[in-house]
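Visitor: Quick check, what structure comes out for this input:
(2 chains)
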Amino acid sequence: DVKVTQSSRYLVKRTGEKVFLECVQDMDHENMFWYRQDPGLGLRLIYFSYDVKMKEKGDIPEGYSVSREKKERFSLILESASTNQTSMYLCASRLTALVTQYFGPGTRLLVL
Amino acid sequence: GNSVTQMEGPVTLSEEAFLTINCTYTATGYPSLFWYVQYPGEGLQLLLKATKADDKGSNKGFEATYRKETTSFHLEKGSVQVSDSAVYFCALSERNNNDMRFGAGTRLTVKP
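Guide: Numbers count the residues shown, from 1 in each chain, chains lettered A, B, ... in the order given. Sure, this is the predicted structure:
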């Protein structure tokens, strides 16, 4: 079974803090994704990564950056957290040759 | 661009009732279609998928048929259980695209 894990299930941070969200997958998938989920909006893509050190902006990259130094790990960074970044963050991965994405359990972030 | 529209919720049903959640899509190519389910406090789990027209995806008593002529992928279940209470997301992805488009999600509550 594919396993995608995220470092925290819940986080509480203050405005202006730098926040790191970590995602690890154990199936040697080339592609990894970060989404945010907000009520009524579904999932929106923040960034994705084709492979190690490769990244592409998604639909809503503003205020975020990412890092992919190893194939199994994809980090989402909030350089200076703001209250409008309070959300559920979901990581996903997949093989390049296939379309199915596999998701982690999510991190619910509250920025005060 | 590609997009997915699914029926708004919430949907409340009694146990053993018939379920339909409508999903229609817009795509420029030949997408694969998915239903994901999110149980309370969890990430998204793949429920079923279909990769070409007239394919039927099925899992755990849920079914959906890929209808190219109506650009639809409606989710159905003949007899819902309390344990089916969750949020359901319709999604599409194309092989040459690196992102997945999601509907807004439909919350289903099943009462005993």
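
Visitor: Which residues does residue 107 form beta bridges with?
Guide: I'll assume chain A. Under DSSP bridges, the beta-bridge partners of A:T107 are A:Y89.

Visitor: not quite, I wanted chain B
Guide: In beta-bridge terms (that is, DSSP bridges), B:R107 pairs with B:V87.

Visitor: which stretches of the chain form strands?
Guide: No chain specified, so I'll use chain A. Assigned strands in chain A, in chain order: A:4-6, A:10-13, A:19-25, A:31-38, A:42-49, A:56-57, A:64-70, A:73-78, A:87-94, A:102-103, A:107-111 (criterion: DSSP state E).

Visitor: Switch to chain B, please.
Guide: For chain B, the strands defined by DSSP E cover B:3-6, B:11-14, B:19-21, B:23-26, B:32-38, B:44-50, B:56-59, B:62-65, B:75-77, B:86-93, B:100-102, B:106-111.

Visitor: number of nearby residues for residue 17?
Guide: The chain I'm using is chain A. A:E17: 14 surrounding residues under other CB atoms under 10 Å in any protein chain shown. Just so you know, the C-beta spots here come from the backbone N, C-alpha and C atoms, and that holds for glycine as well.

Visitor: I was thinking of chain B, sorry if that wasn't clear
Guide: As a burial measure, B:A17 scores 14 neighbours (other CB under 10 Å).

Visitor: Next one: the residue nearest to the spatial centre of chain A from B:A50, what distance?
Guide: Closest to where the C-alpha atoms of chain A average out (CA atoms, centre = their mean) is A:W34, at 2.9 Å. To B:A50, A:W34 is 26 Å away according to CB to CB, to the nearest Å.

Visitor: again, but for B:Y36
Guide: For B:Y36, the distance to B:A50 equals 13 Å [CB to CB].

Visitor: Does the helix-or-strand element of chain B with minimal mean pLDDT reach chain A?
Guide: Among the helices and strands of chain B, strand B:100-102 carries the lowest confidence by mean pLDDT, DSSP states H and E, at a mean of 89. Yes - Strand B:100-102 is in contact with chain A by CB under 8 Å from any CB of the partner chain, via B:M100, B:F102.

Visitor: Go ahead and measure how far that strand is from the middle of the chain.
Guide: Averaging C-alpha positions (CA atoms, centre = their mean, to the nearest Å) puts strand B:100-102 12 Å from its chain's average.

Visitor: same deal with stretch A:10-20?
Guide: Chain-centre distance of stretch A:10-20: 15 Å, with CA atoms, centre = their mean.

Visitor: Now that stretch - C-alpha only, PDB.
Guide: The C-alpha trace of stretch A:10-20 is given here as PDB (Å, rounded to 0.1, in the frame of the first residue of the first chain):
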ATOM      1  CA  TYR A  10      -2.600  20.000  13.900                       C
ATOM      2  CA  LEU A  11      -0.500  23.100  14.100                       C
ATOM      3  CA  VAL A  12      -1.100  26.500  15.800                       C
ATOM      4  CA  LYS A  13       1.200  29.300  14.700                       C
ATOM      5  CA  ARG A  14       1.300  33.100  15.100                       C
ATOM      6  CA  THR A  15       1.100  35.700  12.400                       C
ATOM      7  CA  GLY A  16       4.600  36.300  10.900                       C
ATOM      8  CA  GLU A  17       6.100  33.000  12.000                       C
ATOM      9  CA  LYS A  18       7.900  30.800   9.400                       C
ATOM     10  CA  VAL A  19       6.100  27.500   9.100                       C
ATOM     11  CA  PHE A  20       7.300  24.200   7.700                       C
END
